[in-house]
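S.K.: model this:
(one chain, ligands or ions: 1)
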Amino acid sequence: MKRVRIWIKDRIKFLRSMKLGLFVIIFVIGLIPCMILSNILLHSYTRKAVDIRTADVTNQLHIISDHLITHKYLQVNASESIDAELSQLSNLYNGRILIIDQDLKVIKDTYGMSQNKIVISPEVIRAFRGETVSNYDDTDGYIEITMPIVENTVSDDGSTGSAIRGVMLTSVSSDTILNTADSLKDISRLVNYLVAVVLLVIAFCASLILTRPLKRLGTAISDVKEGYTSNPVMVRDYIETEHISEAFNTVFSRMKLLDDSRQEFVANVSHELKTPMTSMKVLADSLLVQEDAPAELYREFMGDITREIDRENQIISDLLSLVKMDKTAAELSISQVDINALIELVLRRLRPIARKKNVELEFVSMRQVSAMVDEVKLSQIITNLVENAIKYNDDNGSVSVKLDADHQFFTLEVQDTGIGIPEESLGHIFERFYRVDKSHSREIGGTGLGLAITRSAVLMHRGSISVDSVEGEGTKFTVRIPLVYIAG
Ligand code: ADP
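M.R.: Now for the predicted structure:
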């Protein structure tokens, strides 16, 4: 069942194609007006032809009406010339003429069927009132004209007038008109077929031409997707295709950048993890080749190996924290934290390290600060910065941690009197594995990940971190974090 559904879906997929849509629109928009126009023309031809025929017949009837009066046909009811005239007219128009006198009696029927019968119809009544009435019956195909037979009179006082002496009721066939209309209909049908064929070709070509830029865009994008090329995609035929090309290029270059940095990161990680391994291997190998190595040498080398293992451990745990930071901010466990107490706790923990270098640790609290933060991550931020300030300090130097706040943010400044950071390195220190002086840092024991972790943690809190440093004089890191965490 599912297969059948997929098969049907595949078959009717083309219905959603833009090419088909354009094809249908062009075809329909072209054909419908053509059909409407031919219909209108056909109808107006028929109407015009009926009007002309009616006018013709009416003219003829007027002439006959005059003759009827002159020959006193209505009174005498016999005139060969009138009869001939009437039969000629009825033959000419393939029609029937009835002459009705004032008593509504048919005195002449060219078909001879209603002779002497009485005719009362609304048209006849209207004609006796002086109106000429014409009707067109398109179903039976005839035109009916009812007109009064009028005699001009001159009264005794010399004034002229007119009197209706009878009515002529005529019906003429409109077959010739209908035949012409039929043949015109055939021609128009033929023209419509021709137009439809031409439109089919035009619609087909137009839909192909109009959708060609989209096809080109699709091909260019799939070329990039398949990896045949990494050139930017650009189809400028329509504004829309240009926009899509630009959007695609932006997304693609962002992805490329991401991919490059991921590759660089993997290369860095491998390198950093390999370095302690290599040292350990060298140390172990050199012990193995010496057959009677003294116990002190063993102890010394083992001590070195242990240090390398610690370093490897440090790198791995730093990497793990970094990976965790890369995940969404939903991982933050936010709570109301007393920042002053937290700083004091961190400083208490780091004091032994500071003491080793005889570095003075000082905490300057401008006010009591309580903020909504992730306590573990904030303590990691403070630890990293203060640890660096001690590590990269001169012996007998000092580190000052200052805490302040306004109504929106709290600010943490970690200032040291250490070696400082060269200007050209300031832009890089937050990068993963970046260290200003690799050999020196190694001696000190850094992994190059501390500030990257710190920065990620600050950003997760929607805060900011900046650095000011003068080489040989000291460094100041400033962290600003909102007092209230707003998710989203
Ligand atoms: P590391 O583990 O090497 O300390 P970090 O990411 O914490 O790595 O720091 C990156 C580099 O920035 C350090 O190697 C060091 O060269 C420099 N740096 C960081 N903090 C300080 C500081 N307070 N004074 C001088 N240099 C610093």
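
S.K.: Next up, the contacts around the residue of the stretch 351-488 of the chain at minimum distance from the ligand.
M.R.: Residue of the stretch 351-488 of the chain nearest the ligand, by C-beta to the nearest ligand atom: residue 446 (2.2 Å). (Glycine included, C-beta is placed from N, CA and C.) With contact taken as C-beta atoms under 8 Å, 6 or more residues apart in numbering, residue 446 is in contact with 388, 391, 435.

S.K.: before we move on, what SS does it have?
M.R.: Classification of residue 446 using DSSP: H, G, I helix; E, B strand; the rest coil returns coil.

S.K.: hmm, back to that, what about the ligand: which of the contacts of residue 446 touch it?
M.R.: Among the contacts of residue 446, the ones lying near the ligand by C-beta under 6 Å from any ligand atom are 388, 435.

S.K.: Export the contacts of residue 446 as JSON lines, with columns for distance to residue 237.
M.R.: JSON lines is the format used below for these (distance: C-beta to C-beta, whole Å):
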{"residue": "388", "distance to residue 237": "56"}
{"residue": "391", "distance to residue 237": "60"}
{"residue": "435", "distance to residue 237": "51"}
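
S.K.: about what we covered before: so how far is residue 150 from the residue of the stretch 351-488 of the chain closest to the ligand?
M.R.: Distance, residue 446 to residue 150, by C-beta to C-beta, to the nearest Å: 126 Å.

S.K.: swap in residue 46?
M.R.: Separation of residue 46 from residue 150 (C-beta to C-beta) stands at 31 Å.

S.K.: Looking at these two now, which is surrounded by more residues?
M.R.: With neighbours defined as other C-beta atoms under 10 Å, residue 46 and residue 150 compare such that residue 46 has more, 19 against 16.

S.K.: does the more buried one sit in a helix, a strand or a coil?
M.R.: Using three-state DSSP, the structure places residue 46 in helix.

S.K.: per-residue confidence for it?
M.R.: At residue 46, the pLDDT value in this model is 93.

S.K.: Kindly report the same for residue 330.
M.R.: pLDDT at residue 330 comes out at 56.

S.K.: Next: the one 3 residues further on.
M.R.: According to the per-residue confidence, residue 333 scores 87 in pLDDT.

S.K.: Low-confidence stretches in this structure?
M.R.: 326-330, 438-445, 488 (pLDDT under 70).

S.K.: How are the helices of the stretch 101-250 of the chain distributed by residue range?
M.R.: In the stretch 101-250 of the chain, the helices defined using DSSP state H, counting those that start in this stretch lie at 122-128, 175-226, 239-289.

S.K.: what's the spacing between the helix or strand harbouring residue 82 and its chain's center?
M.R.: Assigned by DSSP states H and E, residue 82 belongs to helix 80-92. Put simply, helix 80-92 sits 77 Å off its chain's centre (C-alpha atoms, centre = their mean, to the nearest Å).

S.K.: and it, C-alpha only, in CSV?
M.R.: C-alpha atoms of helix 80-92 as CSV (Å, rounded to 0.1, in the frame of the first residue of the first chain):
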residue,chain,number,x,y,z
GLU,A,80,-53.2,39.8,-60.1
SER,A,81,-50.3,42.1,-60.0
ILE,A,82,-50.5,42.3,-56.1
ASP,A,83,-50.8,38.6,-55.9
ALA,A,84,-47.7,38.2,-58.1
GLU,A,85,-45.9,40.7,-56.1
LEU,A,86,-46.8,39.0,-52.8
SER,A,87,-45.8,35.5,-54.1
GLN,A,88,-42.5,37.0,-55.5
LEU,A,89,-41.7,38.5,-52.1
SER,A,90,-42.5,35.3,-50.2
ASN,A,91,-40.4,33.2,-52.7
LEU,A,92,-37.6,35.6,-52.4
